[in-house]
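Asks: Everything below, folded, please.
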Amino acid sequence: MTRPTPYPVRLADEIARQIGQLTDRLSHLPPAEATQVIARAIGTEDGVLGRLTHLMATSSTIAKTQAENGALPPEVPLALARAANDLHDVHLDLDEHTQALADFSAAPAGPAVKPAAPGPLVVRRHR
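Replies: Residues are numbered from 1 along each chain as shown. I've put the predicted structure just below:
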């Protein structure tokens, strides 16, 4: 007899499925609504990115205990900690833009709003 899937595993699967649905719908939303979704996803510690960062940090702590007991290789908690740190860095990089996203999504629709002047896109690479 197979063991039933624990609720937290089903919850993780459901969250992944819902993030996939959100991603699929995002490109079909009107610009202001899409921007509002993006701002919510990356903004504050309660957004998707903040919660995912916290999940990776918690996972690293749990994996560290398992590695100390010999159940996991030591590389596992190190990789999870690196992921948490990288996500935190990304969150900090994006944090400076959340207000611009919120302002855009809150702006009234219609021709009364003058669009921002287009500017060149700059790619920054961290090494």
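
Asks: How much space separates the residue most central in space within the chain from residue 61?
Replies: The centroid of the chain falls nearest to residue 49 when counting by C-alpha atoms, centre = their mean (2.5 Å). Using C-beta to C-beta, to the nearest Å, residue 49 is found at 19 Å from residue 61. All C-beta spots, glycine's among them, are computed from the backbone N, C-alpha and C.

Asks: How about residue 78?
Replies: Using C-beta to C-beta, residue 78 is found at 12 Å from residue 61.

Asks: just residue 30 next, same as before
Replies: Following C-beta to C-beta, the distance that separates residue 30 from residue 61 is 41 Å.

Asks: SS state for residue 51?
Replies: On the three-state scheme (DSSP: H, G, I helix; E, B strand; the rest coil), residue 51 is labelled helix.

Asks: which residues touch the helix or strand containing residue 39?
Replies: Using DSSP states H and E, residue 39 sits in helix 31-42. The contact list for helix 31-42, computed with C-beta atoms under 8 Å, 6 or more residues apart in numbering, reads 22, 26-27, 29, 47-49, 91, 94-95, 97-98, 101-102, 104-105, 107, 109.
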